[in-house]
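Q: Compute the structure for the input listed below.
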Amino acid sequence: MKQRLHVLWIALLITLTSGSSAKPVGANDRTLAPAPTRRISTEQGSLELSGVNVKKGDLQEIVMKRLSRLYELQKMRSVQGEEDSWLISEKVDTDNYVGVVSFAEGKVRRVARFRKWTQDDDSVELAQRLCDLLDKLTTERGHQASIEARSTDSGAVSVRGVELVFGDKRVSFNIIRRNGAEGEQKEVHLDEVVQ
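A: Okay, the predicted model is just below:
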């Protein structure tokens with residue numbers, strides 16, 4: 001079961017970042033651990049991975065040398081077989097995945113930094129429902145959407161949320177914290193809204 005979920009999460013990440021699905025070669029039996037928090041680069045088209053700034057269009061040879069000094073690099077195989085992608089993990093703890101870098105024609109095409117990995121059933125179900133909802137709305141309304149982030153705090157209830165707006169329909173994702181007699185309670189809401 002863990003092996004199947006591991007492959008599902010990697011395929012989900014690749015699908016969300018590129019539209020194609022991929023899985024690491026020979027990594028089916030690994031357990032994912034949360035990646036350390038990484039600083040976001042202010043340079044357009046780039047991400048920083050612990051001191052290595054990877055930018056779209058950088059030469060593959062140079063990027064691979066820089067990354068291999070700090071990380072383990074594991075070749076990935078896409079379903080279509082056309083993409084040159086590498087899974088990046090910590091050298092000491094190779095189950096701690098950091099991200100993925102993909103190349104086309106010898107240059108960086110895409111780089112992804114993993115923010116959170118989990119395999120618990122509730123998280124997997126929530127991610128599946130989010131993917132299903134986004135798939136439904138993009139089929140109905142197209143791929144053009146705006147994003148609205150918000151945060152409110154009334155003392156007793158605080159809400160932090162983000163909405164993807166597809167015309168009159170929205171995907172609303174909220175984290176709600178309530179302070180009551182029983183202490184703090186936390187909820188996560190994923191909603192489809194017409195507004």
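
Q: G99 reaches S50, doesn't it?
A: No. Applying C-beta atoms under 8 Å, one finds G99 not in contact with S50, separated by 10.3 Å. Yep, even glycine has a C-beta here, placed from its N, CA and C like the rest.

Q: ok, those two, which is more surrounded?
A: It is G99, of G99 and S50, that has more neighbours when counted by other C-beta atoms under 10 Å, with 22 against 15.

Q: I'd like the distance between the more buried one and G180.
A: 39 Å (C-beta to C-beta, to the nearest Å).

Q: cool, C131 as well?
A: 33 Å.

Q: quick one, which of these two is more surrounded?
A: More neighbours surround C131 than the other of C131 and G180, with 13 against 9 (other C-beta under 10 Å).

Q: In PDB, could you pull the C-alpha coordinates for the helix or strand containing that one?
A: Remark: C131 resides in helix 121-141, with elements defined by DSSP states H and E. Backbone C-alpha positions of helix 121-141 (Å, rounded to 0.1, in the frame of the first residue of the first chain) are rendered in PDB as follows:
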ATOM      1  CA  ASP A 121      -5.200   8.500   4.200                       C
ATOM      2  CA  ASP A 122      -7.000  11.800   5.000                       C
ATOM      3  CA  SER A 123      -4.300  13.800   3.100                       C
ATOM      4  CA  VAL A 124      -4.400  11.500   0.100                       C
ATOM      5  CA  GLU A 125      -8.200  11.700   0.000                       C
ATOM      6  CA  LEU A 126      -8.100  15.500   0.300                       C
ATOM      7  CA  ALA A 127      -5.600  15.800  -2.500                       C
ATOM      8  CA  GLN A 128      -7.700  13.400  -4.700                       C
ATOM      9  CA  ARG A 129     -10.800  15.500  -4.100                       C
ATOM     10  CA  LEU A 130      -8.900  18.700  -4.900                       C
ATOM     11  CA  CYS A 131      -7.600  17.200  -8.200                       C
ATOM     12  CA  ASP A 132     -11.100  15.900  -9.100                       C
ATOM     13  CA  LEU A 133     -12.600  19.300  -8.400                       C
ATOM     14  CA  LEU A 134     -10.000  21.200 -10.400                       C
ATOM     15  CA  ASP A 135     -10.300  18.700 -13.300                       C
ATOM     16  CA  LYS A 136     -14.100  19.200 -13.300                       C
ATOM     17  CA  LEU A 137     -13.900  23.000 -13.200                       C
ATOM     18  CA  THR A 138     -11.300  23.300 -15.900                       C
ATOM     19  CA  THR A 139     -13.400  21.000 -18.100                       C
ATOM     20  CA  GLU A 140     -16.500  23.200 -17.500                       C
ATOM     21  CA  ARG A 141     -14.900  26.600 -17.400                       C
END
